[in-house]
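Participant: Provided below for reference: sequence and predicted model.
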Amino acid sequence: MASTSPTPTERTARLCAEAALFMRDHVLSRVSHDLRSPLNAIHSWAYVLERKIDSADASAQRALAGIRTGVDQQVHLLETLVDTTRAETRKLHIERAPFALDALVGEAVDEARRALADARGVSLAAPGAPAGATLDAGRERIGQALWLMLAFAIEASAAGAAVSLDVNLTATAAQFEVHWQASREALADETLPHLLEPFARAQACEPQEAGRAPWVLALCQRVAEAHGGRFEMRPLVEGEAATLTLSVPITGA
C-alpha cells in the first residue's frame, strides 16, 4: 500500500509533540543536574559527621546510615529514571544533505500560518529567504526549529502583530532570525488560541537566567548544538522588540 503524506493537522500535532518531548528532556536534565549538587553535599557531610559521632552510639549510627541510604536511593533514581528517560534526545541524530533554503523557509512559514497565525490574526513574512541558496544540514531538524521559533513568536504576539523570519548567509554560517514585538499578556491569555502547553507558556513568562532560553525552545537549542551552531533569545519585554536567532555553520567553512 502506498504511503500517504501527513495532513497539516497531523504535521502540526507531530511538531507540537516534538517540542514537548525536548522540553520534557530539558527539564529532566535540569532536575538531574540541580539535585546532584545538594545530594553530593549531604553525602559528604554524612562522612564528616561519622568521624565526629561516637561509633558506640547506635542511634546516631543508624541515623547516618539512613542518610547515606536515602542519598544513594535518590542518585539511583536519577540514574535509572531521569537520565535514562532523556537518553532519546541526548544525542540528536542529524541526517545531513544539501537542501534549498527558500523552500524550507516557505514550508515553515506556511505551517506556522495554518497552525496558529491565521487564528490569532498575526501576519508572517520571510523577506530575506535567498532564492536558489542551499544548506548542507539536517533539513527536517532545521525545519522543526524554524517552525517552533515562529510558533513561539506568534504565541507571544498581540492580534494584528507582524512576525518576520530573516535569513542571512555568510561565508561561514546560515543565520535565521525571527523578529516580533513581544506581548507577554498574549502568551498567557487563555482565551486566545494556543499551540504550546500552558506550563511551557507560563515558564516562558518568567525571568530567564542569563544566556538561557525558555524551556519550550529546548528543541531549537539542541538542533543548534547538533550542527555545531548556537541558539539565542533576546529577553521578552512587554511591547519591545524580541528576537530568536538560530545560527548554523556552513559545512567546510
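Facilitator: Received, thanks.
Participant: Find the residue at the geometric middle of the chain.
Facilitator: Ala218 (1.2 Å; Cα atoms, centre = their mean).
Participant: For Glu238, give me phi and psi.
Facilitator: For Glu238, the backbone dihedrals are phi -50, psi 120 (criterion: degrees, to the nearest 10).
Participant: pLDDT value on it, please?
Facilitator: Per-residue pLDDT puts Glu238 at 90.
Participant: okay, now the residue nearest to it when sequence neighbours are not counted: neighbour count?
Facilitator: Leaving aside its chain neighbours, Glu238 sits nearest to Arg184 (5.2 Å; criterion: Cβ to Cβ, 6 or more residues apart in numbering). In short, each C-beta sits where N, CA and C put it, glycine included. Per other Cβ atoms under 10 Å, the neighbour tally for Arg184 reads 17.
Participant: With Ala156 instead?
Facilitator: Ala156 has 27 nearby residues by other Cβ under 10 Å.
Participant: For Glu10, list the residues it contacts.
Facilitator: Neighbouring residues of Glu10 by Cβ atoms under 8 Å, 6 or more residues apart in numbering: there are none.
Participant: Next up, identify which helix or strand it is on.
Facilitator: helix 8-52 (DSSP states H and E).
Participant: Pull the residues that contact stretch 188-208.
Facilitator: So stretch 188-208 is contacted by 12, 16, 19-20, 23, 115-116, 119-120, 151-152, 154-156, 184, 186-187, 214-216, 233, 235-236 (Cβ under 8 Å, 6+ apart).
Participant: mind redoing it with 6 Å?
Facilitator: The contact list for stretch 188-208 (Cβ atoms under 6 Å, 6 or more residues apart in numbering) reads 16, 23, 115-116, 119-120, 151, 155, 184, 187, 214-216.
Participant: Okay, buried residues for the helix or strand containing Ile142 please.
Facilitator: Using DSSP H and E, Ile142 sits in helix 139-155. Along helix 139-155, these residues count as buried under the neighbour rule (16 or more other Cβ atoms under 10 Å): 139, 141-155.
Participant: Output the contacting helices and strands for the following helix or strand past that helix.
Facilitator: Next along the chain after helix 139-155, taking DSSP H and E as the criterion, comes strand 162-169. In terms of contacts (3 or more Cβ pairs under 6 Å, 6 or more residues apart in numbering; DSSP states H and E), strand 162-169 is packed against strand 123-125, strand 173-181.
Participant: hmm, 7 Å instead?
Facilitator: Packing contacts for strand 162-169, counted by 3 or more Cβ pairs under 7 Å, 6 or more residues apart in numbering; DSSP states H and E, involve helix 101-112, strand 123-125, helix 139-155, strand 173-181.
Participant: Give me the angle between the first one and helix 139-155.
Facilitator: Read it as helix 101-112. Angle between the axes of helix 101-112 and helix 139-155 is 50 degrees (criterion: axes from the mean of the first three to the mean of the last three Cα atoms, to 10 degrees).
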